Every structure is written in structure tokens, then in C-alpha cells.
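Engineer: Have a look; sequence and predicted model below, questions after that.
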Amino acid sequence: MDACPIGLFDSGVGGLSILRELQHCAPNERYIYFADTLWFPYGGRPAPEIRKRSFAITRRMLESDVKLIVVACNTASAAALADLREAFPVPFVGMVPGLKPAVATSPSRNVAILATPGTLGGELYHRTVQEFGRDARIREVPGHGLAEFVERGELDTAALHERLRQLLSPAVNEGADTIVLGCTHYSFLVPALTGEFPGVRLVDTSEAVARRTFQVLDEHDARAPADATGALSLIVSGDSQAFRNHLQVLGFDPATEVPA
């Protein structure tokens, strides 16, 4: 048993989609969420810059004695996950676009990957395509601007719906029957995506990442005691009050602030 907190980080609110699944499965755990809003968005930044931020955030979270870190961002996972695992003794769980389940369940094996340029250009993504996508038609759709909509709390505006149509209609019109949500921010767009493309399956890996997190904790015998009281603490590199407001809009209880 280990009562130390689980750490998660992302450039903004996207990783809250992972936190939501973790809290649902284990409300007795303590969580520390690092929102690197001062550097949002990660998607278009160079990989070395994201790697540098990921290392700095990890060092800060280790000061809070976290027992595991979830890199709750596809772009940061692509840029830094392997190096983080090599450099630090704490276990890491990262994000990989859900290409494997998408191809396995797509009736036509025609799949669109909606992700940031940083994710689509990363070695981790390309290895996934080589392993699971060889016999499928894979359409890469850079989600330009979508994370920004989520970060502003615009989850059901006319402008958002127009942007979704611009980005995804070409792939859907050419037969894509499955869309992989390759950015944690996009989990919050599921209602809008379902409204725009009602016949298309969506693959979101948030639940799978939560399951993997608890598998790793079990491997290290590091679950919190059953009678422990869960809590959520925040570290925010930018405007902390704005981020707390986002928490409430997205249905999270206000959290304790931890100095950045």
C-alpha cells in the first residue's frame, strides 16, 4: 500500500479526461495535476522544447513525492516518454493513439487519426502505425485549433462545429468509419463529434490509460489504502484562477492549490 499521490500533467485541461477516469475508478487516491498552461499548446512546439518542459514538470512533481506519473498528453508522450522512463525511477504511464482498437473494430478498416502535429510526427505514433495499421487505410488529420476550443470552454459553439466539419468531413466522406481521438483535449469534444458524425465510431483511450495506471500500481503494490480519503491538488504554471474556473465548467470539484 502507498498513500502517496498519483501525478498527471498536460499543457492544459486535456489531461482532465484521464483524471476523470482515474477518480471514477479510485476515488480514494490522492492526485496532483500539473497544468502547464503557460506553455499551452504543446501541439505545435518543437519536440526538444516539450521534452525540456516534461523533465522540469517531472522534477517538480517528484518534490511532492508522487508514486507514479501519467503523461496525460499525446504530444508530450510522443516527445518525452521514453526519455522520462530512462531518466527517473518513478513509473510512467503515457498516451498512445488508439490505432490498435480502431483498426480491429473498424468494419471497413478505414480510420482517421485526429491528433496534433507533434503527435503525428512522433516516433511513437509511427511505430504504432507500423505495428497495427499496415492492413488499414489510415488518414492523418491534424486537429489545428481544436485544443484551443476546449481550453476556452467552447464545447458546443457554431464555430467549433464548423471547424470539426472542415477538418473531418473529407475523411468521413471518403469512407472513414472510425475516428481516433489522439489528443486528451478531444475527449471533451465527444458530444460535438457525435452530433456532427452520428454514424462514425469514436475511439478514446482515456479509460484504457486509467486501467493501465492501476495495473502499474498493482505491479508495485502501490494502491492507496481502501479507507484513504481521496483529494485533488493543482499545480498551474499560468493563470491558476482561470484554470480553476475550467475545472468547474468541466464538472470537477475545486482543488487544493500547490505552489508551482
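Structural biologist: Sure, I can see it.
Engineer: Going by secondary structure, T58 is in what exactly?
Structural biologist: helix 47-63 (DSSP states H and E).
Engineer: List the buried residues for that helix?
Structural biologist: 47, 50-51, 53-54, 57-58, 60-61 (16 or more other CB atoms under 10 Å). Any C-beta I mention is one placed from the backbone N, CA and C, and that applies to glycine too.
Engineer: ok, those residues vs F252, which is closest?
Structural biologist: M61 (18.9 Å; CB to CB).
Engineer: just checking, that closest one touches D36?
Structural biologist: No. Applying CB atoms under 8 Å as the test, M61 and D36 come out as separate, 11.3 Å apart.
Engineer: what do the two both touch?
Structural biologist: Counting by CB atoms under 8 Å, 6 or more residues apart in numbering, the contacts common to M61 and D36 are F9.
Engineer: TSV please, covering the buried residues of helix 47-63 and showing pLDDT and distance to R212.
Structural biologist: Shown next, in TSV, are the buried residues of helix 47-63 (pLDDT from 0 to 100; distance: CB to CB, whole Å):
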residue	pLDDT	distance to R212
A47	93	23
I50	97	22
R51	97	22
R53	98	23
S54	98	19
I57	98	20
T58	98	18
R60	97	23
M61	97	19
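Engineer: In JSON lines: those, plus distance to V103.
Structural biologist: Below are the buried residues of helix 47-63 laid out as JSON lines (distance: CB to CB, whole Å):
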{"residue": "A47", "distance to V103": "26"}
{"residue": "I50", "distance to V103": "27"}
{"residue": "R51", "distance to V103": "29"}
{"residue": "R53", "distance to V103": "32"}
{"residue": "S54", "distance to V103": "29"}
{"residue": "I57", "distance to V103": "32"}
{"residue": "T58", "distance to V103": "32"}
{"residue": "R60", "distance to V103": "37"}
{"residue": "M61", "distance to V103": "34"}
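Engineer: Helices along the stretch 101-250 of the chain, start to end?
Structural biologist: With helices called from DSSP state H, counting those that start in this stretch, the stretch 101-250 of the chain shows them at 117-120, 123-132, 146-151, 158-173, 190-196, 206-219, 240-249.
Engineer: Other residues contacting the first one?
Structural biologist: If you take CB under 8 Å, 6+ apart as the criterion, helix 117-120 is touched by 42-45, 47, 50, 74-75, 77-79, 97, 113, 125, 140, 142, 144, 182-183.
Engineer: Now, of the residues you listed, which are buried?
Structural biologist: Taking 16+ other CB under 10 Å as the criterion, what is buried in these is 42-43, 45, 47, 50, 74-75, 77-79, 97, 113, 125, 140, 142, 182-183.
Engineer: hang on, the earlier thing: ok, of the buried residues of helix 47-63, which one's closest to Q23?
Structural biologist: Distances from Q23 to those, taken by CB to CB, are shortest for M61, at 17.7 Å.
Engineer: ok, that closest one to F92 distance?
Structural biologist: Counting by CB to CB, to the nearest Å, the gap from M61 to F92 is 11 Å.
Engineer: hey, what's in contact with both of those two?
Structural biologist: Residues touching both M61 and F92 by CB under 8 Å, 6+ apart: I69.
Engineer: Contacts only, for the spatially most central residue of the chain.
Structural biologist: The chain has T184 as the residue nearest its centroid, 3.0 Å off, counting by CA atoms, centre = their mean. Residues near T184 by CB under 8 Å, 6+ apart: 10, 14-18, 72-74, 95, 206.
Engineer: Ok, F243 next?
Structural biologist: By CB under 8 Å, 6+ apart, F243 lies in contact with 12-13, 35, 37, 234, 236.
Engineer: before we move on, what about Q23?
Structural biologist: The contact partners of Q23, by CB under 8 Å, 6+ apart, come to 29, 31, 230, 232.
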